[in-house]
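Q: here are the coordinates; sequence isn't available:
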């Protein structure tokens, strides 16, 4: 089943399209949209979830608490030293 999608274009562009009557503009638009959808889906699939999970774990490991050190005190020290 298909659906109707509408969009606006500039009047000048429409005039230029009208001069090229031999082109099936509906098909051109369908193909262009299909190409963009395929490309964007490939980008999403290309992101390696295991790498992302590993990066999250490494980030959490690096942000662990260190006994005797306070980030608040460290920031205050640097700000007052300006």
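A: Arrived safely. Predicted, not measured: the structure shown is a model, and the values here were computed from it.
Q: before we move on, what SS does residue 75 have?
A: Recorded secondary structure, residue 75: helix (DSSP: H, G, I helix; E, B strand; the rest coil).
Q: how many neighbouring residues does it have?
A: Around residue 75 there are 10 other residues, counting by other C-beta atoms under 10 Å. To be clear about C-beta, it is placed using only N, CA and C from the backbone, and glycine gets the same treatment.
Q: same thing with residue 25?
A: Residue 25: 13 neighbours (other C-beta under 10 Å).
Q: which residue sits closest to it in space, ignoring its chain neighbours?
A: Nearest residue to residue 25, sequence neighbours excluded (C-beta to C-beta, 6 or more residues apart in numbering): residue 17, at 6.0 Å.
Q: and that neighbour, how far is that from residue 7?
A: Per C-beta to C-beta, to the nearest Å, residue 17 is found 13 Å from residue 7.
Q: the more surrounded of these two?
A: residue 17 (13 against 5).
Q: check which helix or strand covers the more buried one.
A: Assigned by DSSP states H and E, residue 17 belongs to helix 11-19.
Q: to the chain's geometric centre, what's the distance from that helix?
A: Centroid separation between helix 11-19 and its chain, computed with C-alpha atoms, centre = their mean, to the nearest Å, is 32 Å.
Q: endpoints of stretch 5-24, how far apart?
A: Distance across stretch 5-24, first residue to last, is 16 Å (C-alpha to C-alpha, to the nearest Å).
Q: what's in contact with the helix holding residue 17?
A: 9, 23, 25 (C-beta atoms under 8 Å, 6 or more residues apart in numbering).
Q: make CSV out of those residues and add secondary structure, pLDDT and distance to residue 74.
A: Listed next are the contacts of helix 11-19 as CSV, based on DSSP: H, G, I helix; E, B strand; the rest coil; pLDDT from 0 to 100; distance: C-beta to C-beta, whole Å:
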residue, secondary structure, pLDDT, distance to residue 74
9, coil, 96, 57
23, coil, 96, 65
25, helix, 96, 63
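Q: between these, which sits nearest residue 65?
A: Nearest to residue 65 among those, counting by C-beta to C-beta, is residue 9 at 57.6 Å.
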